[in-house]
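Peer 1: Curious how this folds, go ahead:
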Amino acid sequence: MLHKNLFFYLLILTGFFMLLECSYFIQCNSAYLSDYTFVSRNLSIPLSILPGILSFIGTQIVVHLVYCFILWVVIEYSYTFLKPIMSNQFHYAISLWILSAITFLIANQIYFPNSKFAELTALIFFNPAITKIAFVVFAGCFSITVLLALIALLNRLTLGLSVLAILAGYFILTFPSTQNYFVATSSRPNIILVGIDSLRPDFLGYFGSERKTPFLDSMLEQSTVFAEAVTPLARTFPSWTSLLTGQYPRETHIRSNLATQQALQVDTTLPSILQRNGYETIYATDETRFSNIDKNFGFDRIISPPMGLNDFLIGNFNDFPLSNLVINTVVGKWLFPYSYANRPVHFAYNPNSFLNLLKPSLAEKREKPLFLAVHFCLTHSPYLWASLSGENVSVQERYVASINRVDEQIRDFFVLLQEYHLLDHAMVVLLSDHGEALEFSGDRITEKELYLPSTAASSAPKFYPQGLLHEEMNQSAGHGTDVMGLPQYHSLLAFRLYGAGDYQTGNIAGVVSLLDIKPTLLSFLQLSAPNSSGISLLKWIQKNQPTQLPARHIFIESDYSPTAIRTVYPEERQVMLEGIELFEINPLTTRLTVRNEMTAKIIGSKQYADIYEEWMLALYPQDKNTRMPILVNLNTGVWTNDLQSVFAQHSPAQLMLAKLRAFYGDEIAGVM
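Peer 2: Okay, the predicted model is just below:
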């Protein structure tokens, strides 16, 4: 018989434990919490965020109550076996509660090493080997009590369990099959875009890296690879908007992350066109904080963590041992939607959870061919996830580890595609929305030794009025911060056909843009591509076609880049504080968007560049009315900031400058 008084004592202990959790949580996040007043002065916080916050608080209380109740049941039923050797049930209950609490804290440290509570328990369990031994001992002892309780319960619940088993068997047998209809054909194949955030191609084994990425390397070996692809703006939202529209950021008016969509022509996006031509359209991603891709783009369905301010608030702050152990379960998917399969919640993110989020939609019966765009964000800063500890590991090493893990994640994704016959007839596009600069030598293409001064006494220019003091001339960091940091803009782009016709494999030389994806896919389907600034690459994908790409002017631009983000070590809080004046909150959707009045400030800070043949001309703002030109020969690496020099006069610099001015208009001020 269950003793209510015992439950009351356990409830007091659990409540005290929860208060200690909250106290430690507040201490760890005191800097963020103290910034709330500053943030609220600059952002009008809508009351519509309260239901999400209250739901989160209520869920945490419920999780601790359920933990307390289960422990109570375990104590009561296991004690029937232990009573002969333990005369005092109260002492047994307290001992088991302490045992379970220590077990869960150690489990949190092992499985979530980036958790704030892992830092706390690491003060005691600082040796990894001893920590694992302690976990085995504590978990083993606790498991024995659970097993004893289950045996006692089974004696009472055998009949009930038999009935449940019969009902479960009935529902399993009568549950609808998930076998797909084979609606895709060679002429109307499934179109699958597989995007990888912040992936620079030179870190893949296929492009010569010593670090092998088995699945992606194999995939690229069987694809048509455009090895010199670039993105028009190296930030996720503008980049994906451009590839879905086939237009430059200046044309879409999506000039930064979280830009408003008021001027976006949604009826000519790739998914909208395919939707009108009988395709089911789905977009899936494990990160929505800075990229508001939604149904407005022409998607029937969005698979992602919830968008909005609560993603920032609840996602990052949901770091408690009990909830961490629940987050990546089936139950956690419903209890903690802001944390489940949410890449920015790096301390709890499990790459398999995102695949589990995708699986039901992939398994559905379909009556239409599928356009599926999936964006994997594991390779985005801080390059950490639940099982990878960031302690004593450099940023560059973490980046490499994230690429290795996303290679496995995408391999498992393709297993699902094959299992549900989505690759029987398909065109797959493998891409990265942009690359990443990691402050390696060469991450900016301006080598000091290759600079051509205008006079013998001239020194190499500074790229930023107030640059990072530790950054060398040939270094850059992050993405979207520096147009001369070509590793930021160099994107992966490859096409592979499955049962949809012949194609050639190997590398295609020449610079292309992510803008070319939309016209290429629509050309393959024999559909027109309205309002596209890109070109169709189809004839370079199909067999027995010329491999020389045409010379063309390809424009790129930077995003607004405060000092806090122009580093390989971006600190999320500092980035937020420096950029807070840019944003406002939609009271209905609670989404963050860039304020209209800040657009001029963002545009005024932009760098612009034109890539033409083997040349690149970039324009860096020096003040409100002046931009400094940087001209680079991409083959030799020689560069100058003097467009009147002999070197510049023997280049297409003036033509490139004219093209930039014609395209960007009055955004480009005087050029030095």
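
Peer 1: Please identify the helix or strand for the residue of the chain most remote from its centre.
Peer 2: The outermost residue of the chain, judged against the average C-alpha position, is P84 (55.7 Å), by Cα atoms, centre = their mean. Using DSSP states H and E, P84 is not contained in any helix or strand.

Peer 1: V194: helix or strand, and which one exactly?
Peer 2: For V194, the host element (DSSP H and E) is strand 190-196.

Peer 1: List the buried residues of that strand.
Peer 2: For strand 190-196, the neighbour count (16 or more other Cβ atoms under 10 Å) marks 190-196 as buried. No exception for glycine: its C-beta is placed from N, CA and C like everyone else's.

Peer 1: Show me what it is packed up against.
Peer 2: Packing partners of strand 190-196 (3 or more Cβ pairs under 8 Å, 6 or more residues apart in numbering; DSSP states H and E): strand 370-376, helix 395-419, strand 426-432.

Peer 1: for those, which one sits closest to T245?
Peer 2: T245 sits nearest to strand 370-376 of all these, at 12.9 Å, using Cβ to Cβ.

Peer 1: Parallel or antiparallel, which strands does that closest one pair with?
Peer 2: Using DSSP bridges, the strands paired with strand 370-376 are strand 190-196 (parallel), strand 280-285 (parallel).

Peer 1: Hey, what's the angle from it to strand 426-432? Just curious.
Peer 2: Here the directions of strand 370-376 and strand 426-432 differ by 20 degrees (axes from the mean of the first three to the mean of the last three Cα atoms, to 10 degrees).

Peer 1: ok, residues contacting strand 370-376?
Peer 2: Strand 370-376 is contacted from outside by 184, 190-197, 236, 240, 244, 270-271, 274-275, 279-287, 291, 293, 299, 354, 358, 406, 409-410, 413, 422, 433, using Cβ atoms under 8 Å, 6 or more residues apart in numbering.

Peer 1: can you give me the angle that strand makes with helix 395-419?
Peer 2: 160 degrees.

Peer 1: okay, and for the protein, where does confidence drop off?
Peer 2: Within the chain, the segments meeting pLDDT under 70 span 1-4, 30-42, 156-181, 456-457, 464-470, 544-547, 561-581.

Peer 1: go again using 50 as the cut-off
Peer 2: 1, 159, 174, 176, 467-468, 564 (pLDDT under 50).

Peer 1: Got the domain ranges for it?
Peer 2: Per automatic domain parsing, the domain ranges recorded for the chain read 4-174, 190-305+350-439+476-551, 563-671.

Peer 1: could those go into CSV alongside distance to I327?
Peer 2: Converted to CSV, the domains of the chain look like this (distance: least, Cβ to Cβ, whole Å):
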stretch, distance to I327
domain 4-174, 9
domain 190-305+350-439+476-551, 8
domain 563-671, 20
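
Peer 1: what's the burial count for E119?
Peer 2: Using other Cβ atoms under 10 Å, E119 has 14 neighbouring residues.

Peer 1: same thing with the one 10 residues further on?
Peer 2: Number of residues near A129 (other Cβ under 10 Å) recorded here: 7.

Peer 1: what's the helix or strand for it?
Peer 2: Here A129 sits within helix 128-174, counting by DSSP H and E.

Peer 1: what's the answer for L631, then?
Peer 2: Judged by DSSP H and E, L631 forms part of strand 626-633.

Peer 1: got the contact list for that strand?
Peer 2: By Cβ under 8 Å, 6+ apart, strand 626-633 touches 445-446, 461, 463, 484, 608, 614-622, 638-641, 643, 647-648, 651, 653, 657, 668-672.

Peer 1: What distance do you get for I102 to F17?
Peer 2: Distance of I102 to F17, given as Cβ to Cβ, to the nearest Å: 11 Å.

Peer 1: Run through the strands of the stretch 501-650 of the chain in chain order.
Peer 2: Under the criterion DSSP state E, counting those that start in this stretch, the stretch 501-650 of the chain contains strands at 506-513, 554-557, 583-585, 592-594, 608-612, 615-623, 626-633, 639-640.

Peer 1: Enumerate every residue touching K116.
Peer 2: Residues in contact with K116 (Cβ under 8 Å, 6+ apart) are 24-25, 28-29, 319, 347.

Peer 1: returning to what we had before: which of the contacts of strand 626-633 are buried?
Peer 2: Burial by neighbour count, 16+ other Cβ under 10 Å: within the contacts of strand 626-633 this picks out 445-446, 461, 463, 484, 608, 615-622, 638-641, 643, 647-648, 651, 653, 657, 668.

Peer 1: pretty sure V511 contacts L549?
Peer 2: Yes - counting by Cβ atoms under 8 Å, V511 touches L549, with 7.5 Å between them.

Peer 1: Who has more neighbours out of those two?
Peer 2: Taking other Cβ under 10 Å, V511 and L549 do not tie; V511 has more neighbours (21 against 17).

Peer 1: Could you check how far that one is from I49?
Peer 2: Separation of V511 from I49 (Cβ to Cβ): 44 Å.

Peer 1: do V393 as well
Peer 2: Distance of V393 to I49, computed by Cβ to Cβ: 35 Å.

Peer 1: Could you check which of these two has the larger neighbour count?
Peer 2: I49 (18 against 14).

Peer 1: Just read off the phi/psi values of the more buried one.
Peer 2: Main-chain dihedrals, I49, degrees, to the nearest 10: phi -80, psi -20.

Peer 1: That one contacts T589, correct?
Peer 2: No - applying Cβ under 8 Å as the test, I49 and T589 come out as separate, 10.6 Å apart.

Peer 1: what sits in contact with each of these two?
Peer 2: Here I49 and T589 have G308 as joint contacts, going by Cβ under 8 Å, 6+ apart.

Peer 1: Now the helix or strand hosting L120 - C-alpha only, PDB.
Peer 2: Here L120, judged by DSSP H and E, is contained in helix 116-121. Extracted in PDB, the C-alpha atoms of helix 116-121 (Å, rounded to 0.1, in the frame of the first residue of the first chain):
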ATOM      1  CA  LYS A 116      25.900  24.200 -17.000                       C
ATOM      2  CA  PHE A 117      25.100  21.500 -14.500                       C
ATOM      3  CA  ALA A 118      27.900  19.300 -16.000                       C
ATOM      4  CA  GLU A 119      30.300  22.000 -15.000                       C
ATOM      5  CA  LEU A 120      29.000  21.800 -11.500                       C
ATOM      6  CA  THR A 121      29.300  18.100 -11.000                       C
END
